[in-house]
Every structure is written in C-alpha cells, then in structure tokens.
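Enquirer: here is a sequence with its predicted model. Questions after.
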Amino acid sequence: MNFVKRAGFSLWSRRGRTLITLCTFLVISVMVLAGVLIADATAQAKNEAKRSVGAEVNLVMDLSGQNAAGGLMAPQISAGTVEKLGASTLVQKYNYSMFDRGVVKGGTELVTGGTDTAASGMGPNGTATVGVLDSALLPDFRSGKFQLLSGAHLTAADKDKRLLLIEERLAGKNGLKTGDKITLGANEGTAKAEFTVAGIYRDPRPSSEPEPEYFVDPANMLYASIGGFAGLNATQDRSLKVTKATFLLQDAEDLPKFKEEAERIAGSELDGFQLDANDKAIRQMTGPLDSIGSTAALAMWLIGIAGAAVLVLLVNLAVKQRRKEYGVLLAMGEKKWKLIAQQALEIVAVAALAIGLSSLFTQSLTQSASQSLLGEEAAAARQKLESWQPPAPGSTGIDQGIDPNDKPVENADPIDRIDIRLDPADLATVGAVGLGLGLLATAVPAASVLRLSPRTILTKGK
Amino acid sequence: MTTATDTATEPPPVLRLDGVSHTYIGQRRRTTVLKNIDYSFRRGTFYTVLGPSGSGKTTLLSLASGLDAPTRGTISFNGQDLTKLGLGRYRNKHAATIFQHYNLLTYMTALQNVTTAMEITGVKPGSGGRRARALELLERVGLDKHMATRNVMRLSGGQQQRVAITRALACDVDILFADEPTGNLDEDTAQGIIDTFRELAHEQDKCVVVVTHSQRLAAQSDRVLTLRKGKLTE
C-alpha cells in the first residue's frame, strides 16, 4: 500500500495546489449541497402544502368555458353520477351540493345588517340556501372558519330529511334553537315545507360584508339537507341534480388518476364543469418555493458546472505535470493501477475533506440564504394576493378586467419558511458527485499518459 | 557485425540481446539508431558503453533496462524473453536504472525517494528496517541524516545525483544500469561511486552497465563496449 503513503507525501508537499483543489471542491460541494438541500426542503414543503390543502378534487363550474360560451348558466350533474365517482377506491369521502333561493316564511325574519339585499336578487325574505349532502365536509367547516355551536352536522343519512343549519345571528334574531322549525318556501311557486334546525353555526364575517358567492348577508345563509331542499323546488325531472361536488382522496398522489377516472365515468356530464384539484391553492402556497427552487437549481448548476470545469482542468494539469513522476515510478516497476489509485486517492482525500467541511456549515448557510430569498418572494406573493379586489356586487367583474380565477384562495397563504435539514442521503449525493468528478478528472488524463512506455514518458518534451 | 563474447570460461549471460534494432519514426523520416545488435551481458562484470553523442547509447540502455521494447529482435533475461517475462516485472525485480537527469520524486525527501524505491521493488526491510538501510546507503555516498531528510529539490545537482544512485543501489536487483552517473560529481565522490559499481559486480555478483563519456570510468570497468553507427563492438 505504498501508494497511500506516496499520496500523503504528495498532498503535504504540494500544499499550495492541495489548498486550491480543496477550495474548488469546497465551492462545488457547498453549491451542490445547497442545491440538494433546497430541492429537498421545497419538495418537503410542497408535500406538506398538499397535505394541508388536502387531497381534494372539486367539481365546479368551468368559468372559462362558460365565458367562452357567452353565458353563466350553472351546469348540473346528476347526484347518481357523483355517487358513482364517490364510490371509487381512490376516494375517501365525498360531498355534493346545489344552490337555490329559499324564502323564509312563518314569521321568521332575516338579519338586516347593512348588506344591500337587492344586489343579491333574492327578493323579500329570500336568501341563499345551499342543499348539501354532508355539511361537515364544506370547506369553511373543514378549515375551521365556520364553527358549529350547537346541534349536529347534516349527513348523508339526513339526505332526504328536511333539516337546516342556520347562522347564530339569524337564530338569535328569531330566538331559534336546535330542534325548532322554520318554514321555507320554494324559489318559484307556492310550495313550502317545514325544516327543522339541526344545528347553529358561527360565520365570523360581519353582516356588512356580503357573502362573496351569493351576495347575501352571511348571517342569512342557510344550509339544508340536499334531498329535502331539492324536493321543495322539484320539477318534472325528479332526479337530483347538483352543481358542485367535492372528493377527498385517499392520497394526494392519486389526483391525476382520479381525474382520468372521473372523465371516464361521467363522460359528457362533465361538460361545463372543471375538476379543480386544488391546484390553485397549492400553486398559491408554493409559488415562492418554485421561484427560489428554480433560482437555487440554476445557481447550483451554473456554479457547479463552472467549478467542475475548473476542477477537471486543475486535475488534468496536475496529471500532465506529473508525467515524469509516473515515468520514474513505472521505471521502478510500479503497477499502473497503483499510479492511478494514488492520484485518485489524493483527489478523494481532498474531496472528502471538502465535503466534510461543507457539511459543517452548508445547512445553516443554506437556511439563512433560502430564508432570505423565500421571505422576499413570499412577501411579494402575499402583497399581490392582498391587492386583489373582488368585483362590485352584482357584477361578474369580467367587464372591469377582473378575472374571477385570480381570486385568492383562502387559508392558502404563500409559504414563507422552509426547514433545511441535512441528512446522510444528501451528503451521499454530493459525495457521489464529487467522487465521480474527481475520478473522471483523474482517469482520463492518467490513462492518456500511462498508455506510453516509461522511456517515452521520461524523454518526451526533452 | 557485432561481436558475441560467449566463451566456455565465462559465467552464463544474465542479459542477452539478439538481433536488436531500434528505429524512431518521426513525422518525416525514420531513424534507425541500433542495428542488429547481438550481445550477452554477464553477472559479476562491470561494463561501460562509450560512444559519441547521438550514437544510441541511451536508447541501448533504455531497451536493456526494459524501459522500452525494441522495434526488432529480442532481449532476454536469464534466457527468458522480456516481453514474456513482462517489462514491468523485469524492471521491478531484476533491473534498476540511474538516470542522467536523476528523475527523483520531487515531492519527497532524499530518504523517502530511497525507501519508496525499496518498497516498490519489494526489498525486504531487514533487521533495522528500510529506513535504516536507506540512511546507511545515503551515508555511504556522503549524504548525512540532515541531508537525507531534506526535500530533494533543496539539494545540489551533485547531491541529487547521489540520491539517484543510492535509490538504484537500494533496490536489490541483478542488473544495474546507469546513464552518465558521475557527470555531476566531484572527483572523490565519482571515484567512490565507481568503487561501489566495481564492488557490486565483483563482490555481489551483479551485472553493472554504465553509459558514459568518461575515459577514466571506462578504464576502471571490466569490459568497454563502443557504440558507433548503431553497431556495438568490444
């Protein structure tokens, strides 16, 4: 193993060159390691974002399609088809809903808290009523924005009952409590029915701020068991039609597969709908991550490649400068593989030291650099979201150049922090890159020298 | 015609050149420097090879020491063709070369140069170890421990020459080749080296082949060979 000893002598004796090689390797290691760490951390943060948003697919009206068609008629899909989709093995839970005007009767009074009810077009005593299969799965209840104060949620078991969830202000104004009755009239005609208050919930929005989708006072929003409510407005077509559906998948990774399955099962019934896999919320949350991820990757590749080129040149030059040494050692009968092993060992020793050094400070360096970059990106993204203004009540906003698709998703703040963690796999990746570079840089020029006879090596150039 | 010197009273040849020719192929022409050489080198003999510059002395030394292969003919060690024995193995176990330009490992001390050669050629450490043996050999050529532990680049040309000689002597080989080994040495040191070569040949039964311009060195050798126009004569 005398080549190991020679490698030690060589590294120590050529301290200047060793130091330059070490610095070059250190730069490459730090850049590659930082890139790997940021890539890992952003991937981790994206997964967490997906988890927090949920593996949720929403079947909603395709606004762009409707616009193109020149109208805004809400498309409908049969509840039976939605139930078929919900029966998929990919789906954990599902929910669907429809909307119609409900007219409160029998002495019940709506809350009048400053919202211009005329803009909603609901008319006197009319309010937005959402028929829902499972109220606990509504996004506002899932996110915790709405809080059930008393009673119980509407469930699939209650589908054909006549149950209601009412807001606490409406309940307070009318002295209603769980189990009390409210008479609701149909949107058209004279049909009416008694609904039982199954639960009372709290919506934190003030009465002065209209509910953005239906433009009614949030205090007056009613949630009804879907079958019972749909029966009130039943037409000749008795089959239940819904306008929205939500599917919570077993795994976020199944989103593309579920979309394919939904398109296969529902076919043309999906016309006018889009399957929104919460992409927008995820994009909103992870936009800054993508930005710093791509910046970090670009910097990693640029500096990494430049460093690697310098390293390859350095090693190449060193090998060529050492041709005489090779000639002398070969003249003594040293084996060629030992010469290459010596050179490779020198590079590997320097690379290992550089990677070891880089592992000491790259984590904290990357954390602070990425935090600084991410903080700026997240602040810019947040500012953009906050500056979005909803269209005036009664307007779609399209004529004012406001794209409804740009509306920020609630509870999906841009991610402004990632946790950089160094694990052995990251070091192994960088080690493999360093080792590969070093060995490649050694083997090619060494092979070109060692194919010659010792005499040619020793006399060439003299 | 070159002269073969086998006789019944002489020891058997350790190294034999049969019809050895060597041609350098340049970009425009081919130059044949050695022409059909037949010669046998024997154990216990100190040879010098004389000849004008460019006569092919260094080429002959390179081929005989296994640093390169001839373009024609065969060279055999103890009756075995070097190409079959392996040039690397031959250089490692049986032949050592002292180069005109020293060719020391510049990142090592004098001592490390010698011990490295001993390690590569597999010289047994002995009772005192390789280091002690190397120091003893360096002392014999006038390099004390202080000099021995200095980087070779900090030694004078003559001192480097002595390190190169010691390195070759330290390898326990059958044949020692040297290319102008005393060119940079003062008279006393040069004489000491010549005495060492004679001792290696006569007392340790080695074959010593020295390429030189020095008539003084040639006069002290057992056999003087002359290389002229690619032909080797005695």
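Expert: Structure's in. What do you need? Numbers count the residues shown, from 1 in each chain, chains lettered A, B, ... in the order given.
Enquirer: give me the neighbour count for residue 125.
Expert: Using chain A. 17 (other CB atoms under 10 Å in any protein chain shown). Using the backbone N, CA and C atoms, a C-beta is placed for each residue, glycine as well.
Enquirer: oops, wrong one, chain B.
Expert: For B:Pro125, the number of neighbouring residues by other CB under 10 Å comes to 13.
Enquirer: is it located within a helix, as I assumed?
Expert: No. Assignment of B:Pro125 by DSSP: H, G, I helix; E, B strand; the rest coil gives coil, placing it outside any helix.
Enquirer: how much space between it and chain A?
Expert: Using CB to the nearest CB, to the nearest Å, we find B:Pro125 at a distance of 12 Å from chain A.
Enquirer: quick check: closest non-adjacent residue to that residue.
Expert: Counting by CB to CB, 6 or more residues apart in numbering or on different chains, B:Arg133 is the residue found nearest to B:Pro125 once chain neighbours are left out, at 7.7 Å.
Enquirer: gap between the closest residue to chain A within chain B and B:Tyr107?
Expert: Ranked by CB to the nearest CB, the top residue of chain B for proximity to chain A is B:Asn92, at 2.3 Å. With the distance defined as CB to CB, to the nearest Å, B:Asn92 ends up 22 Å from B:Tyr107.
Enquirer: repeat that for A:Gly107.
Expert: Note on A:Gly107: its distance to B:Tyr107, by CB to CB, is 103 Å.
Enquirer: when these two are compared, which one has more neighbours?
Expert: Neighbours per residue, other CB under 10 Å: of A:Gly107 and B:Tyr107, the larger number sits with B:Tyr107, 19 against 8.
Enquirer: I'd guessed the more buried one sits against A:Arg17; true?
Expert: No. The pair B:Tyr107 / A:Arg17 is not scored as a contact, 10.1 Å apart, by CB atoms under 8 Å.
Enquirer: what's the residue of chain B closest to chain A sitting at in phi/psi?
Expert: phi -70, psi -40 (degrees, to the nearest 10).
Enquirer: so for it, what pLDDT did the model give?
Expert: Model confidence at B:Asn92, given as pLDDT, is 91.
Enquirer: do I have it right that it meets A:Leu329?
Expert: No. Here B:Asn92 does not reach A:Leu329: they are 10.6 Å apart, not a contact under CB under 8 Å.
Enquirer: are there residues contacting both of the two? Which ones?
Expert: Contact with both B:Asn92 and A:Leu329 is made by residues B:Ile120, according to CB atoms under 8 Å, 6 or more residues apart in numbering or on different chains.
Enquirer: neighbour count: the two, which is higher?
Expert: In this view B:Asn92 and A:Leu329 are compared by other CB under 10 Å, and A:Leu329 has more residues nearby, 26 against 22.
Enquirer: doesn't the more buried one belong to a helix?
Expert: Yes. Assignment of A:Leu329 by three-state DSSP places it within a helix.
Enquirer: next one: it from chain B, what distance?
Expert: Taken as CB to the nearest CB, the spacing of A:Leu329 relative to chain B amounts to 7 Å.
Enquirer: check A:Leu289 too.
Expert: 49 Å.
Enquirer: part of a helix, is that residue?
Expert: Yes. The assignment for A:Leu289 (three-state DSSP) places it in a helix.
Enquirer: A:Gly102 contacts A:Phe229, correct?
Expert: Yes. Counting by CB under 8 Å, A:Gly102 does reach A:Phe229; the two are 7.2 Å apart.
Enquirer: any shared contact partners between those two?
Expert: Contact criterion CB under 8 Å, 6+ apart; residues bridging A:Gly102 and A:Phe229 by contacting each: A:129, A:184.
Enquirer: A:Leu289 - how many residues pack around it?
Expert: Count around A:Leu289 with other CB under 10 Å applied: 25.
Enquirer: could you find the closest non-adjacent residue to it?
Expert: Sequence neighbours aside, A:Thr42 is the residue nearest to A:Leu289 in space, at 4.4 Å (criterion: CB to CB, 6+ apart).
Enquirer: A:Tyr223 bridge partners, please.
Expert: A:Tyr223 has these beta-bridge partners by DSSP bridges: A:Val130, A:Leu165.
Enquirer: list the residues that contact it.
Expert: By CB under 8 Å, 6+ apart, the residues touching A:Tyr223 are A:129-130, A:132, A:135, A:138, A:154, A:164-165, A:201.
Enquirer: which one of these is nearest A:Ala193?
Expert: A:Leu164 (10.8 Å; CB to CB).
Enquirer: burial of the closest one, as a residue count?
Expert: Here the count is done by other CB under 10 Å, and A:Leu164 has 28 residues near it.
Enquirer: which SS state does B:Leu104 fall under?
Expert: Classified using three-state DSSP, B:Leu104 is coil.
Enquirer: what sits closest to it if chain neighbours are left out?
Expert: With CB to CB, 6+ apart as the criterion, B:Leu104 has its nearest non-adjacent residue at 4.6 Å, and that residue is B:Val152.
Enquirer: residues near that neighbour, how many?
Expert: Number of residues near B:Val152 (other CB under 10 Å) recorded here: 21.
Enquirer: any idea of the pLDDT on it?
Expert: pLDDT recorded at B:Val152 is 93.
Enquirer: which of the helices or strands spans the single nearest residue of the stretch 151-300 of chain A relative to chain B?
Expert: When CB to the nearest CB is the measure, the stretch 151-300 of chain A has its nearest residue to chain B at A:Met300, with 34.8 Å between them. Remark: A:Met300 resides in helix A:279-321, with elements defined by DSSP states H and E.
Enquirer: just checking, what packs against that helix?
Expert: Using 3 or more CB pairs under 8 Å, 6 or more residues apart in numbering or on different chains; DSSP states H and E as the contact test, the elements touching helix A:279-321 are helix A:15-53, helix A:336-386, helix A:424-450.
Enquirer: same list, those, but as a markdown table with mean neighbour count please.
Expert: Output for the helices and strands packed on helix A:279-321, formatted as a markdown table (neighbours: other CB atoms under 10 Å in any protein chain shown):
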| stretch | mean neighbour count |
| --- | --- |
| helix A:15-53 | 20 |
| helix A:336-386 | 18 |
| helix A:424-450 | 18 |
